[in-house]
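Colleague: Next input, structure requested:
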Amino acid sequence: MSNKNVNENYKEGGLGLFEKYLTIWVALCIVVGVLIGVYLPQIPQTLDKFTYAQVSIPVAILIWLMIYPMMLKIDFSAIKDAAKQKKGLIVTCGTNWLIKPFTMYAIAYFFLIIVFKNIIPADLAKEYLAGAVLLGAAPCTAMVFVWSHLTKGNPAYTLVQVAVNDLILLIAFAPIVAFLLGVTNVAVPMDTLLLSVVLFVIIPFVAGYLSRTMIIKKKGLDYFENVFLAKFNGITIVGLLLTLVILFAFQGQKIIDNPVHIALIAIPLTIQTFFIFFLAYGWCKVWKLPHNVAAPAGMIGASNFFELAVAVAISLFGLNSGAALATVVGVLVEVPVMLALVAIANNTKHWFTK
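Modeller: Reported below is the predicted structural model:
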């Protein structure tokens, strides 16, 4: 994965060494996380106690710190303008709700049920398929802000598209999952959804809005844009790396215990992620949308609301089910794969209008 253009987002006062060798640091964080999970299990066990409605509070804090700098860049008038960009919202909603769940089912079925039929037992493969479908029907709420930030996406548009998708999720998630999986007792875990929206959308937005308003009022726009914002240049990368360590520490033992199945599950999930990104990204290019709309439009479809997927998998199939494991694999592959897509988006910026 090329990090040249990812690094450009932090060329002013960034982390330098971390940015230059970001791929290496990501790999090291994954290894460190797994080792912690296997040899120092008391650490993830302690952190896991701070979980509510399938949302890890330590991870939530890190994500919040990554989202806050992006929210600082949003002003209220920009949100109104972003809501008027109907083509971008059509791409986002069309990709996420009319295409993504069904292509996830098709791709996961092809690999897990057909290609790997001699490796994965049939009953277990069906559970893995269910977990993949749950991921495919849940577009991202939190980390999409980070991916948008890394591609210099329009922050106001990203906020609007997340809000719209969360509203659609309330109506469409359960029927789509029920249809694809042939089950009738699918319910949206409202505690997980509401907590995620509050933690990852409302709180950082309010904090960003109040900070922006107060600082500009006291010290002016020039200070805010050139001094205050620069203080947050490295937080996103640090937050990403620490998040990777924690996520892989949580699942370190599972990775060691099920390396083959985890690798096999990751194949269709990765293919689906790239496919959906390029579908939405290419759609935006055809419609001549600017890059700062195209990048987040592709990112929200490619990434998943994994807290929701994990919660539903556990409620439907049980904590130790194959479906729950598949949703966990979705968590593990997301950051490395999405960083690759960030690099691709930054390297293809010249494809789009200004």
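Colleague: What distance do you get for the closest residue to L279 other than its chain neighbours to G153?
Modeller: Leaving aside its sequence neighbours, L279 sits nearest to T95 (C-beta to C-beta, 6 or more residues apart in numbering; 6.1 Å). C-beta here means a position set from N, CA and C on the backbone, and glycine is covered the same way. As judged by C-beta to C-beta, to the nearest Å, T95 and G153 stand 15 Å apart.
Colleague: ok, the two, which is more surrounded?
Modeller: G153 (27 against 24; other C-beta atoms under 10 Å).
Colleague: so where is this structure shaky, pLDDT-wise?
Modeller: Scanning the chain for pLDDT under 70 picks out the ranges 1-20, 184, 353-354.
Colleague: Just the strands from it, written as ranges.
Modeller: 51-52, 55-56 (DSSP state E).
Colleague: If you tally nearby residues, what's the number for N320?
Modeller: Using other C-beta under 10 Å, N320 has 8 neighbouring residues.
Colleague: who's in contact with the residue lying closest to I265 once chain neighbours are set aside?
Modeller: In space, and not counting its chain neighbours, I265 is closest to V329: 4.4 Å by C-beta to C-beta, 6+ apart. V329 makes contact with G131, I262, I265, A266, L269 under the criterion C-beta atoms under 8 Å, 6 or more residues apart in numbering.
Colleague: and stretch 280-292, C-alpha only, in CSV?
Modeller: The C-alpha coordinates for stretch 280-292 follow below in CSV (Å, rounded to 0.1, in the frame of the first residue of the first chain):
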residue,chain,number,x,y,z
ALA,A,280,-19.5,4.2,-5.5
TYR,A,281,-16.2,6.0,-6.4
GLY,A,282,-16.7,5.3,-10.1
TRP,A,283,-20.3,6.3,-9.9
CYS,A,284,-19.3,9.7,-8.5
LYS,A,285,-16.7,10.1,-11.3
VAL,A,286,-19.4,9.4,-14.0
TRP,A,287,-21.6,12.0,-12.4
LYS,A,288,-18.7,14.4,-12.3
LEU,A,289,-18.8,15.0,-8.5
PRO,A,290,-15.8,16.5,-6.8
HIS,A,291,-13.3,14.3,-5.1
ASN,A,292,-14.2,15.6,-1.6
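Colleague: Run the chain-centre distance for it.
Modeller: 20 Å (C-alpha atoms, centre = their mean, to the nearest Å).
Colleague: Next: stretch 215-230.
Modeller: Its chain's C-alpha centre and that of stretch 215-230 lie 30 Å apart, by C-alpha atoms, centre = their mean.
Colleague: That stretch: end-to-end distance?
Modeller: The straight-line separation of the ends of stretch 215-230 (C-alpha to C-alpha, to the nearest Å) is 14 Å.
Colleague: Repeat that for stretch 186-193.
Modeller: End-to-end distance (C-alpha to C-alpha), stretch 186-193: 14 Å.
Colleague: Pull out the buried positions in it.
Modeller: Neighbour counts over stretch 186-193 (16 or more other C-beta atoms under 10 Å) mark V186, V188, P189, T192, L193 as buried.
Colleague: So which residues make contact with stretch 147-161?
Modeller: Taking C-beta under 8 Å, 6+ apart as the rule, stretch 147-161 contacts 6, 9, 66-67, 69-71, 73-75, 78-79, 81-83, 85, 88-89, 92, 144-145, 201, 205, 236, 290-293, 295-297, 299-300, 303, 338-339, 341-342, 345-346.
Colleague: so how far does it reach from one end to the other?
Modeller: Stretch 147-161: ends 14 Å apart by C-alpha to C-alpha.
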